[in-house]
Every structure is written in C-alpha cells, then in structure tokens.
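Peer 1: Generate coordinates for the sequence data below:
(one chain, ligands or ions: 2)
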Amino acid sequence: MRYAISDVPIIKRMLRSRWLQWSLTALTLLFFVLAIIAGLVGTPAGNRNFGIVFVWIVWWALLILLLLPFAGRLWCGVCPIPAPGEWLQRRALVQPRPGGKLYTLGKQWPRALRNIWLQNVGFLGVALFSTVILTTPLATALVLLGFMIVAIGTSLVFERRTFCRYLCPVGGFIGLYSQIAPIELRVKDTAICAGHTEKTCYTGSDEGYGCPWLVFPGGLTNNMSCGLCTECLKTCTRDNIALFVRQPGADLLKTTGHKLDEAYKGLIMLACAFIYSTVLIGPWGVLKETARAVGTPGWFAYAGIFLALNLAILPGLFWLAVRGGQWISQPAQTTMRKLFSDYAATLVPLGLTAWIAFSLSFVLVNFSYAWSVLSDPLGWGWNLLGTVGLKWTPYIPGLIPYLQVPVLLIGLTAAIALALRTARQHGQTPWAAAPVTVFCTAATLGLLGLYLA
Ligand code: SF4
Ligand code: SF4
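Peer 2: Ligands and ions are numbered 1, 2, ... in the order given. Coordinates of the predicted model:
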C-alpha cells in the first residue's frame, strides 16, 4: 500500500519548482556559516555558543527525532555541506544550465571505493573525538569547515555528488536509517522507463541535472542512495517519478542481498550509541574526562577500547549469534558472510531507536539553551530577540525514561520480527533467529539499564 503524494497538484508544483529546494538549502547554509563563525570567533563556552547549541542539540534533535524516522534522507536534499561545491560545479545557483551541463573534471570514483566503507571510517574518526567536538566550539567549526572544503574539492574533481554518495560520514548513517521512513521516491512504472531511451532523469535535460547521487531512479529499490534532491521529478519527461507515502520500514522487508559495509555501519552505530550513552550521559564523570583528554595515556586506552568495541567486539558477538543460528538450521547455499550481512538488517530499527532514546535524554535536558543563544549567538553579550535572559530549564526530565522505554521496545520488536523474517527468507527454521534475538534483547536491556540507572 502506497500513495503518490507528489501527484497532489500543489505538492507536485512545489517539488518541481527549482526555488523550494534551493531556498531551504540557502537557509541551512546560512545557519551552517553562522555555526562556523560562532565556533571561530564566539565564546568558547559551549552552552552559550550558536555552533554547539544549534548543531549538536537543535539540528541533531531535528535529524534524529523527526527527519530520519519520518522523512528519511530529506536532510540530504537541503544539506548545506555539498551546496557551494554543487553550485560551483553547475556554475549556476537556481536555474539549470542548458542540458544540465556540469563544470567539473568529472572523474569517476574508484570502483573499489563505491560503497560506504569510507563513510564508516569517517564516522568512526569523528565519533572518536566527539567528546571534544561536541563541547568545543572551535573544534566544531573546524570539523564543519573541513567537511565543506572536502565537499568542494570533490565536486571540482569528481562527477556529481560523489562526496555525498561515498564520503560524507553523516550521509552513511542517514542512508542506513532512511530505510525506516514512511516515504520513498520511486518510478511509477518501470516499463515506461524501459521504453524511454533518453533517460533524462540520469543524463539531465534543460529542466535540470542528471541524478546528482549517481543513481538511475528506475533501478531504485531502497532509500539508501537517493538523496531526495527532487531533481529527477523535474527532469523526467514522462511524469513517471513520484514521492510515495508507504508502510514504515518497507525497504527492510526484503531481508536478503544486504552488504557487509551496511552491516558494519549498523554495528558501528549501535556500538557508538552504547559508548555515548555510557560516556556522555552516564554517571561516570571520569570516563568523560578521559575521552576528552586527547593524547594522554588514558585517552589512548579509551581510543583502543572504542575501536575494539566498534570493529571487533560487537561485530564478533553478532557473528557468533548468526553462526549459532546457522548451526541450529543450516540454510541452503548461503555463506556466513551473506547471513551476517542480511541478519544485520535487524540492527537498523534497533540502532535508530537506540539513538532516539539516547538523544531524548540530552536534547530535552539541554534544548532550552537555544533560546538565549538565538539572541546572543556568539556569546558576546547581545540580546537580539530579547530572549537572552531565558534560563536553562530541562524539559520534562521526569518523563524521559517513560519515552525511552517504549521507543527501545518498539526497536526491539521490529528487530525480532526482522530476524524471524530473515530466517524464513533464507529457508531456516524460526529457531535460527533465536541467537540474533538474544543479541538484540541483550543490547536493549543494556541500554535500558543505562537510561534507568
Ligand atoms: S526519465 Fe522518467 S521515464 Fe525516463 S527513464 Fe527516467 S524515470 Fe524513467
Ligand atoms: S533519484 Fe532523484 S531525488 Fe533521488 S537523488 Fe537522484 S535525482 Fe535526486
């Protein structure tokens, strides 16, 4: 069951207008530049600096609590990071060049790197230093600036949005969790595509550019690599592409054909949700201090444990769970690598709900900093909107566990259902899903223990 929401005339007009996406991107770019300026010249006190408060509390809350679960990759469609590079590539801001021509060296990304391994590495790199980045305005500014410089350089050398597709550390997990969203962009009828030799959605036309994300919309089967930029809605001459409202998590119902890089992304995200919950909001201040003391022997120990948990311990435990299921019921002609990758789809709802639960605890507690920072973004004593006097007030702190528990239980229920479905689609008995179910249950209980403690 799905409904083509972009066929509603007013929505179709909005999505086909070149101004809507451009204006939203320009707006996010304005906030992005302000965050960088605040980080470079504003107060070093994180809770009074626009860069820290608006990136790591307001934007993060918007992304994890609203956009990802309900709108998938919508953020990627209006993200400011690739915008300057893309405008340089197009040598245009709003209206397209004739034929959707791009000005770039147009190099192709190496075949061996056409996956999300580099995004996994980039995310781990940022996550390892996150206690510093999340609390130090200058570090946040330098990271944001670094992202933008790499995105511009990539746009000038490589074709289209190679940066978003293969490099952006944020894009990797947005793509993974976008599979849960109740929306999807797909073609309406693949037979029409087969008969349309020009394939203007991929090559571009006078109406717009070929898919910036290097995908052929007619071949899309999940949300992971569509950045919802709406370009193909403008360039499809057959009115054959639509934005659909669909059953949440529809992409995950096909529990075969997943890849190892996606599996590792799911494991890394789950491990990081655990580590952040322990280090950043847990009761052990010494852990937070150690994670911030970059370069000290204690920090190197922390970094070693962090990497071991992400790359070996959690993947190892998950491998044992999948291997246990294989021992219970040997599927016909399925390798351990395929089973491991396919069962890892269970980590998508589990991981997203873990991040939602983690984010609820610090977003609701710290959101009120946003009101005073709006009036004094640099911490220079301004009072632009008259809100600088609004004091820090945690929102509904007593209710947070009552929100976290159901959220985590929804994730666990979806994970167990997916584990059973994976077993069935691989021709295993339902008991083969038991070890992965135990893994997911243990992860949920661990998180619950941390939040309720
Ligand atoms: S332009 Fe439209 S009809 Fe043609 S191949 Fe692309 S999606 Fe299909
Ligand atoms: S498939 Fe369409 S909406 Fe998705 S990234 Fe490509 S052009 Fe943009």
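Peer 1: Tell me who's in contact with residue 425.
Peer 2: Neighbouring residues of residue 425 by Cβ atoms under 8 Å, 6 or more residues apart in numbering: 254, 255, 256, 342. For the C-beta atoms, the positions are set from N, CA and C on the backbone; glycine is no exception.
Peer 1: do you know how far the closest residue to residue 373 other than its chain neighbours is from residue 44?
Peer 2: Nearest residue to residue 373, sequence neighbours excluded (Cβ to Cβ, 6 or more residues apart in numbering): residue 53, at 4.5 Å. Residue 53 sits 13 Å away from residue 44, going by Cβ to Cβ, to the nearest Å.
Peer 1: how much distance is there from stretch 4-22 to the middle of the chain?
Peer 2: 24 Å (Cα atoms, centre = their mean, to the nearest Å).
Peer 1: re earlier: from the contacts of residue 425, which ones fall inside helices?
Peer 2: Per DSSP state H, helices hold the following members of the contacts of residue 425: residue 342.
Peer 1: residue contacts, the residue sitting nearest the centre point of the chain?
Peer 2: Among the residues of the chain, the smallest C-alpha distance to the mean C-alpha position (Cα atoms, centre = their mean) belongs to residue 174, namely 1.7 Å. Residue 174 sits next to 63, 68, 72, 73, 75, 76 when contact means Cβ under 8 Å, 6+ apart.
Peer 1: Over to residue 344?
Peer 2: Neighbours of residue 344 in contact, by Cβ under 8 Å, 6+ apart: 258, 262, 263, 266, 267, 318.
Peer 1: residues near residue 327, how many?
Peer 2: Neighbour count of residue 327, defined by other Cβ atoms under 10 Å: 10.
Peer 1: Lowest pLDDT pick from the contacts of residue 344?
Peer 2: Ranked by pLDDT, these bottom out at residue 258, which has 94.
Peer 1: leaving aside the residues next to it on the chain, what's closest to it?
Peer 2: Sequence neighbours aside, residue 341 is the residue nearest to residue 258 in space, at 4.3 Å (criterion: Cβ to Cβ, 6+ apart).
Peer 1: pretty sure that neighbour contacts residue 264?
Peer 2: No. The pair residue 341 / residue 264 is not scored as a contact, 9.1 Å apart, by Cβ atoms under 8 Å.
Peer 1: Would you mind naming what in the stretch 201-350 of the chain lies close to ligand 2?
Peer 2: For the stretch 201-350 of the chain, the contact set with ligand 2 under Cβ under 6 Å from any ligand atom comprises 211, 212, 213, 215, 217, 226, 227, 228, 229, 230, 231, 232.
Peer 1: how about a cut-off of 8 Å?
Peer 2: With Cβ under 8 Å from any ligand atom as the criterion, the stretch 201-350 of the chain comes near ligand 2 at residues 201, 209-215, 217, 220, 225-233, 235, 241.
Peer 1: any idea how far residue 157 is from residue 59?
Peer 2: Per Cβ to Cβ, residue 157 is found 28 Å from residue 59.
Peer 1: Between these two, tell me which one has more neighbours.
Peer 2: Neighbour comparison, residue 157 and residue 59: the larger count goes to residue 59, with 17 against 13 (by other Cβ under 10 Å).
Peer 1: Which parts of the stretch 201-350 of the chain are helices?
Peer 2: Secondary structure of the stretch 201-350 of the chain (DSSP state H, counting those that start in this stretch): helices located at 231-235, 260-279, 285-292, 297-308, 314-328, 336-343, 347-366.
Peer 1: anything in the first one near ligand 1?
Peer 2: Yes. Where contact is defined by Cβ under 8 Å from any ligand atom, part of helix 231-235 touches ligand 1, namely 232, 235.
Peer 1: so what does that helix touch, helix or strand wise?
Peer 2: Counting contacts by 3 or more Cβ pairs under 8 Å, 6 or more residues apart in numbering; DSSP states H and E, helix 231-235 packs against helix 9-16, helix 200-203, strand 208-209, strand 241-246.
Peer 1: and if we set it to 6 Å?
Peer 2: With contacts taken as 3 or more Cβ pairs under 6 Å, 6 or more residues apart in numbering; DSSP states H and E, helix 231-235 sits against helix 9-16, helix 200-203, strand 208-209.
Peer 1: ditto for the second one
Peer 2: Taking 3+ Cβ pairs under 6 Å, 6+ apart as contact, the helices and strands that helix 260-279 lies on are helix 117-128, helix 169-177, helix 285-292, helix 314-328, helix 347-366.
Peer 1: Give me the distance from the fourth one to the chain's centre.
Peer 2: Distance of helix 314-328 from the chain centroid (Cα atoms, centre = their mean) equals 26 Å.
Peer 1: which one of the helices and strands packed on helix 260-279 lies closest to ligand 1?
Peer 2: helix 169-177 (20.8 Å; Cβ to the nearest ligand atom).
Peer 1: one step back: selecting buried members of the residues of the stretch 201-350 of the chain next to ligand 2 in ChimeraX, what would you type?
Peer 2: Of these, the buried ones can be selected in ChimeraX as follows, counting by 16 or more other Cβ atoms under 10 Å:
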select :201,209,210,211,212,213,214,215,217,220,225,226,227,228,229,230,231,232,233,235,241
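Peer 1: hang on, the earlier thing: residues contacting the residue nearest to residue 373?
Peer 2: 369, 370, 373 (Cβ atoms under 6 Å, 6 or more residues apart in numbering).
Peer 1: Contact distance from ligand 1 - what residues of the stretch 101-250 of the chain qualify?
Peer 2: Applying Cβ under 8 Å from any ligand atom, we find that the stretch 101-250 of the chain lies next to ligand 1 at 187, 190, 192-193, 195-196, 198-202, 216-218, 232, 235-241.
Peer 1: Now restrict these to buried residues only.
Peer 2: When these are checked for burial by 16+ other Cβ under 10 Å, the buried set is 187, 193, 199-202, 217-218, 232, 235-236, 240-241.
Peer 1: how about stretch 5-16, does it reach ligand 1?
Peer 2: No. Stretch 5-16 stays out of contact with ligand 1 when judged by Cβ under 8 Å from any ligand atom, the minimum separation being 12.9 Å.
Peer 1: What residues sit buried inside that stretch?
Peer 2: If you call a residue buried by 16+ other Cβ under 10 Å, then stretch 5-16 has these buried ones: 6, 12, 15, 16.
Peer 1: my read: the last one touches residue 235, true?
Peer 2: By that I understand residue 16. No. With contact defined as Cβ atoms under 6 Å, residue 16 does not count as touching residue 235 (9.9 Å).
Peer 1: Let me have the contacts of residue 344 in TSV, adding distance to residue 449 and neighbour count as columns.
Peer 2: Shown next, in TSV, are these (distance: Cβ to Cβ, whole Å; neighbours: other Cβ atoms under 10 Å):
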residue	distance to residue 449	neighbour count
258	29	21
262	28	23
263	25	23
266	21	27
267	20	25
318	19	24
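Peer 1: Need the three-state assignment for the closest residue to residue 14 other than its chain neighbours.
Peer 2: Closest residue to residue 14 apart from its sequence neighbours, by Cβ to Cβ, 6+ apart: residue 20 at 5.2 Å. Secondary structure, DSSP: H, G, I helix; E, B strand; the rest coil: residue 20 is helix.
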